[in-house]
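Asker: need a 3D model of the sequence below.
(one chain, ligands or ions: 1)
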Amino acid sequence: MSFFRLLSTDFDGTLIGHPSDGRCSDSFADILRSHRDSGGRWAVNTGRGLNHALEGLAIFSAPVEPDFLLTNEREIFSRAADGSWTSHAEWNELCYERLDELFQTAGSVIEGICDYAARSPHVEIIEEGGRPIGLVTASEPVMEEVVSFIGRESASIPDFSFQRNTVYLRFCHIHYHKGSSLAEVCRILELDRSSVLAAGDHFNDLPMLDGRFAAFPCCPSNAIPEVKRTVIKAGGHVASRPAADGIAEAWRVFHQ
Ligand SMILES: [Mg+2]
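Answerer: Numbers count the residues shown, from 1 in each chain. Sure thing, here's the model as predicted:
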């Protein structure tokens with residue numbers, strides 16, 4: 001029996017660890033079955049794009065399919081009865097529009113970041129559709145330096161933000177992230193935060209783990225210290241086990 005109406009789980013580092021065979025663990029499979037049997041919904045809330053997320057889920061081979069896929073930390077797709085994935089156009093189109101506006105107003109900031117990358121052999125800009133959308137660094141210490149630079153460079157553009165996950169960083173609009181996407185799924189399902197469990201392990205998960213959008217935040221033992229601190233501050237559970245086994249542990253603790 002699941003107390004929760006919705007699970008919002010990150011994928012990499014949260015459901016599959018490193019290293020990992022990419023398969024769903026037995027304990028998490030049990031949780032998913034119980035949750036589904038109680039009528040609960042499951043959203044995979046990931047930084048991956050849609051196709052990459054579907055590839056990961058195919059290997060993961062969970063006993064139930066997710067109902068929602070939240071991709072690139074902002075887009076929402078729902079699973080139709082025939083198993084296909086439908087864009088939640090109302091949200092996604094507004095998100096792209098706001099992002100287009102941002103890329104125009106923050107043009108000089110992004111140019112400055114591109115110049116920084118051009119000067120550093122350890123920072124590479126990622127482009128999509130002919131425009132820079134983010135970057136990758138050679139290491140996490142280099143990412144720290146890049147994040148400090150971007151913080152200074154973008155201070156005058158309040159809507160400019162970024163999502164950071166290990167050595168990857170994506171430019172984004174400050175109002176579109178894993179937390180606001182989760183809130184939109186709750187709006188669709190007519191749920192409030194009090195019946196939502198959210199699980200994540202890295203910086204890009206912080207917006208859904210601070211208690212604003214899910215009353216039951218949790219993280220696996222392998223989560224970064226910033227995530228553990230946020231989860232504790234929000235009254236959630238920091239698991240003693242890694243990846244999906246840790247999320248299954250949190251689910252049981254919340255039910256005690
Ligand atoms: Mg992760």
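Asker: from what I see, residue 32 and residue 62 are in contact.
Answerer: Yes. With contacts counted by CB atoms under 8 Å, residue 32 reaches residue 62, the gap being 5.7 Å. C-beta here means a position set from N, CA and C on the backbone, and glycine is covered the same way.
Asker: what's the local residue count around the residue lying closest to residue 165 once chain neighbours are set aside?
Answerer: Computed as CB to CB, 6 or more residues apart in numbering, the closest residue to residue 165 that is not its neighbour in sequence is residue 204, at 4.5 Å. By the measure other CB atoms under 10 Å, the count of residues near residue 204 is 26.
Asker: can you check residue 49 too?
Answerer: Other residues within reach of residue 49, judged by other CB under 10 Å, total 14.
Asker: for the strand or helix carrying residue 30, list the C-alpha coordinates in PDB.
Answerer: Element membership of residue 30 [criterion: DSSP states H and E] is helix 26-37. C-alpha atoms of helix 26-37 as PDB (Å, rounded to 0.1, in the frame of the first residue of the first chain):
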ATOM      1  CA  ASP A  26      14.600  -5.800  -6.700                       C
ATOM      2  CA  SER A  27      13.700  -3.600  -3.800                       C
ATOM      3  CA  PHE A  28      12.700  -0.600  -6.000                       C
ATOM      4  CA  ALA A  29      10.700  -2.900  -8.200                       C
ATOM      5  CA  ASP A  30       8.700  -4.000  -5.100                       C
ATOM      6  CA  ILE A  31       8.000  -0.400  -4.300                       C
ATOM      7  CA  LEU A  32       6.900   0.400  -7.800                       C
ATOM      8  CA  ARG A  33       4.500  -2.600  -7.800                       C
ATOM      9  CA  SER A  34       3.000  -1.600  -4.500                       C
ATOM     10  CA  HIS A  35       2.700   2.100  -5.500                       C
ATOM     11  CA  ARG A  36       1.000   1.200  -8.800                       C
ATOM     12  CA  ASP A  37      -1.300  -1.300  -7.100                       C
END
